[in-house]
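**Student:** could you work out the structure for the sequence below:
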Amino acid sequence: MSIAKAIIVFMSPAGTTRRVARRVFDATVEKGGEAELIDLARTKDLDKIYGEIARRKEEACLFVGSPVYVSHALPPVMEFIEGLPENTAAAVPFVTWGGATSGVALHEMGEAVIGKGMKLAAAAKITALHSMMWKCEEPLGKGKPDSSDDEMIADMVGDLYAKLESGQGVEIDLSRLAYLPEKLFAELTGHNLEKMKPFMPERKIDESLCNQCGVCAEVCPTQCVSFQPYPEFGQSCIFCYNCVRLCPENAIECDFSVLEQRIRDRSRNIAETPPSQVFI
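**Tutor:** You can find the predicted model right below:
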């Protein structure tokens, strides 16, 4: 068995998951393979992707990546997996997480691809700058991912190709992705973004600064921003706060102080190690 093409699908509001996806792409090309990067925030034609995976069958390897939000993979990433055709291609889920906890995201992604008949060939969790802490002097995950994480991902891709070329089995056991203590794993399974929405920091529009430039809508990964005439946020919002972080006029105000403390408390209480890890 060998991989004719690596299909790398990801969503990355803050850019760190994109970095990991790009390293997978580069490592695949370095091994002489064909690779394609697909950003779910910019891709409309999912049927084309599904068709390519179905056509390639065992000659394809699907790498699918997500940041961890409230202990889970992003809803659009899970919806992409749920829409996959039944097939026998290899699959490699990967997540980036901001130092609080990587939660159950990697396990739920692995379980979902197995449910589609795919071979769970490898997986990775990579620590990253916490996306809610860009204003902090000492944010969790500062400076991450770094060159050591890049090397870890490249080694994973190399090891995967070596296993395939040698004819070894490529499947790993899903239980390896349930690496948190059992009680904590069960607790985090019950957490989700939908339940947390009422507790997320509120955005307020400063109408004296907002010039309706549309940047907030352009950088929204779920296209949930509309203008009435000032920005309003729809139900598909994942609370990435790109609209706040990237507003050129600083017209969207948001107080992250309470959330930042909650994140630091969780990081200290869980103390998840190792921060970055591959499973192969």
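
**Student:** so what's the nearest residue to G103 once chain neighbours are set aside up against?
**Tutor:** Leaving aside its chain neighbours, G103 sits nearest to S71 (2.7 Å; criterion: Cβ to Cβ, 6 or more residues apart in numbering). Every C-beta, even on glycine, is put in place using the N, C-alpha and C of the backbone. By Cβ atoms under 8 Å, 6 or more residues apart in numbering, the contact list for S71 reads T101, S102, G103, V104, A105, L188, T189, H191, N192.

**Student:** how about a cut-off of 6 Å?
**Tutor:** S71 makes contact with G103, V104, L188, H191, according to Cβ atoms under 6 Å, 6 or more residues apart in numbering.

**Student:** sec struct for S236, please.
**Tutor:** Counting by DSSP: H, G, I helix; E, B strand; the rest coil, the backbone at S236 sits in coil.

**Student:** ok, P85 next?
**Tutor:** With three-state DSSP as the basis, P85 sits in coil.

**Student:** how about it, nearest residue that isn't a chain neighbour?
**Tutor:** A54 (4.6 Å).

**Student:** that neighbour against E86, yeah?
**Tutor:** No: A54 is beyond contact range of E86, at 8.7 Å (criterion: Cβ atoms under 6 Å).

**Student:** more neighbours, the two?
**Tutor:** A54 (14 against 9; other Cβ atoms under 10 Å).

**Student:** where's G117 relative to E86, distance?
**Tutor:** Distance, G117 to E86, by Cβ to Cβ, to the nearest Å: 5 Å.

**Student:** most distant residue from the middle of this protein?
**Tutor:** Ranked by distance from the centre of the chain (Cα atoms, centre = their mean), the top residue is S208, with 35.1 Å.

**Student:** pull the number of nearby residues for the closest residue to C243 other than its chain neighbours.
**Tutor:** Among residues not flanking C243 along the chain, C216 sits closest, at 3.8 Å (Cβ to Cβ, 6+ apart). When counting by other Cβ under 10 Å, one arrives at 26 neighbours for C216.

**Student:** now M11
**Tutor:** Neighbours of M11 under the rule other Cβ under 10 Å: 27.

**Student:** on the pLDDT front, check it for me.
**Tutor:** Note on M11: pLDDT of 98.

**Student:** so the residue nearest to C243 versus D206, what's the distance?
**Tutor:** Going from C216 to D206 by Cβ to Cβ gives 13 Å.

**Student:** tell me where the stretch 101-250 of the chain has helices.
**Tutor:** For the stretch 101-250 of the chain, the helices defined by DSSP state H, counting those that start in this stretch cover 105-115, 147-166, 182-189, 193-196, 215-218, 242-245.
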